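Novice: my questions are about this predicted structure, shown below with the sequence.
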Amino acid sequence: MAWRLKIYFSDGTSELLDDVFGSEQEAQCEYESWLDNWAEGRETLMLSGEDYSDADIDDCDIWEE
């Protein structure tokens, strides 16, 4: 079984992760990791002068392929 994760952002965009997870729980843990690290990553990019998105993470879809 393979589980996929797609993350939705507040600006209407989304990202389908290339990773394929072995369980729904692994995909959920990855989503939680994104939630935990999103603001810090955005701040790091801002401070380094890199382009970054003002969008927040809104939701996700996790499904079995």
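Specialist: That came through, no problem.
Novice: any residues touching the strand or helix carrying residue 44, and which ones?
Specialist: Secondary structure from DSSP states H and E places residue 44 in helix 24-47. Helix 24-47 has contacts (Cβ atoms under 8 Å, 6 or more residues apart in numbering) with 3-5, 7, 17, 19, 21, 51-53, 56-57, 60, 62, 64. From N, CA and C alone the C-beta is placed, and that goes for glycine too.
Novice: beyond that helix, next helix or strand please.
Specialist: Note on helix 24-47: by DSSP H and E, the next helix or strand toward the C-terminus is strand 57-64.
Novice: export that next one as PDB, just CAs?
Specialist: Output of strand 57-64 as PDB, limited to C-alpha atoms (Å, rounded to 0.1, in the frame of the first residue of the first chain):
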ATOM      1  CA  ILE A  57      -1.100  25.900   5.300                       C
ATOM      2  CA  ASP A  58      -4.900  25.400   5.200                       C
ATOM      3  CA  ASP A  59      -5.500  21.700   4.900                       C
ATOM      4  CA  CYS A  60      -4.400  18.500   3.400                       C
ATOM      5  CA  ASP A  61      -5.600  15.300   1.600                       C
ATOM      6  CA  ILE A  62      -4.200  11.900   2.400                       C
ATOM      7  CA  TRP A  63      -5.200   9.000   0.300                       C
ATOM      8  CA  GLU A  64      -4.200   5.400  -0.600                       C
END
